[in-house]
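Visitor: this is a predicted model, with the sequence first.
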Amino acid sequence: MAIIEAKKKFGQNFLKDTTVLNKIIQSMSKNKLKLVEIGPGLGDLTRLLLKVRPLRAYEVDRDLCVHLRDKFHIEIEDKKLDLIQGDVLESFDKGSLEEEPYEMVANLPYYVATKIILKALEDDLCKSMLVMIQKEVAQKFCATVKTKEFSSLSILSQSIADVELLFDVPPDSFEPAPKVTSSVLKIVKKREFIQGKDALFENIRDFNGFKKYLRISYSSPRKTWIKNISSIYDKTNAKTLLEKYDIAANARPHELSVTSHLNLYKEISK
Ligand code: SAM
């Protein structure tokens, strides 16, 4: 097999550190859900995942797919590995990545990691994620209220899932080494997003409304929430709502908890 050069445009940093690879496997949920890997790359993590459960993997790079089909021809013949060549975002646009509930495990390409996680949050069949991403971004997903990292990403993810940063991974664990430190993030959904009787949002329109509400709430993060939100919604109504929920009139968006944002959105959008 010819030497495969990492392609920058696909965010290829291959994880070579066996200690980290094993730590990822040990951190997986103990459920029996189907497994989905995004970006199997050279297949080092894939090899370990296949020891746990059958797997569906999405890889955008044609050359890597040729390599993977050769490396895992037995697993593919035995239907333990279902390798899909293509951009995973396009697959999300067509619906879920699986036909049944699944757990996602991936060393995600940095350039598209946030988008993939947001899509998986919206995919009700995705029940949990164990993903390696850039540390600064991981910190945003699991930030707590009143810290400067507490952003729309924190609120969106924590409104439906428990989010935990498990451990950091230094650049020299990869080939080629990236410029930044990575972190492994665990996201376990506590409820459904859009489908199901206990779902957080009534329908996709309701969820899109919440995303818009967050965009406006954070339009100027240093300004007060009321100043931001009044650019679209009625100021007097917003003021009454803050009083109702016992929130200070001068609170900034990052000072409002996940529950406060959900309550305010539900009321303000009536
Ligand atoms: N899993 C391997 C590992 O741990 O060494 C590779 C991880 S590398 C950071 C990211 C992988 O995602 C690469 O194999 C890359 O080709 C693939 N990839 C990048 N963009 C993708 C996309 N939009 N859809 C599917 N795979 C993608």
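Guide: Right, received. Where do you want to start? Everything quoted here is computed from the prediction, not taken from an experiment. Residues are numbered from 1 along each chain as shown.

Visitor: any idea how far whichever residue of the stretch 1-150 of the chain sits closest to the ligand lies from N228?
Guide: Closest to the ligand within the stretch 1-150 of the chain is G39: 2.0 Å, counting by Cβ to the nearest ligand atom. (C-beta placed from N, C-alpha, C; glycine too.) Distance, G39 to N228, by Cβ to Cβ, to the nearest Å: 36 Å.

Visitor: who has more neighbours, these two?
Guide: Neighbour totals were compared for G39 and N228, and G39 leads with 24 against 21 (other Cβ atoms under 10 Å).

Visitor: surely the more buried one touches V60?
Guide: Yes. Look at G39 against V60 with Cβ atoms under 8 Å: they come within range, at 7.3 Å.

Visitor: need the overlap of contacts for the two.
Guide: 10, 88 (Cβ atoms under 8 Å, 6 or more residues apart in numbering).

Visitor: which parts of the stretch 1-150 of the chain sit against the ligand?
Guide: Contact residues, the stretch 1-150 of the chain versus the ligand (Cβ under 6 Å from any ligand atom): 10-15, 38-42, 44-45, 58-61, 64, 87-89, 107, 109, 112.

Visitor: mind giving me the packing neighbours of the lowest-mean-pLDDT helix or strand in the chain?
Guide: Lowest by mean pLDDT, DSSP states H and E among the helices and strands of the chain is helix 204-217, with a mean of 90. For helix 204-217, the packing partners by 3 or more Cβ pairs under 8 Å, 6 or more residues apart in numbering; DSSP states H and E come out as helix 152-158, helix 225-229, helix 258-268.

Visitor: isn't L118 right next to A161, touching?
Guide: No. Look at L118 against A161 with Cβ under 8 Å: they stay out of range, at 11.8 Å.

Visitor: pick out whichever of these two has more residues nearby.
Guide: A161 (22 against 17).

Visitor: so the more buried one makes contact with K189?
Guide: Yes. Here A161 reaches K189: they are 4.7 Å apart, a contact under Cβ under 8 Å.

Visitor: list the contacts of the residue of the stretch 151-270 of the chain found nearest the ligand.
Guide: Proximity of the stretch 151-270 of the chain to the ligand (Cβ to the nearest ligand atom) peaks at F174, 7.3 Å away. The neighbours of F174, taking Cβ under 8 Å, 6+ apart as the test, are 13-17, 182.
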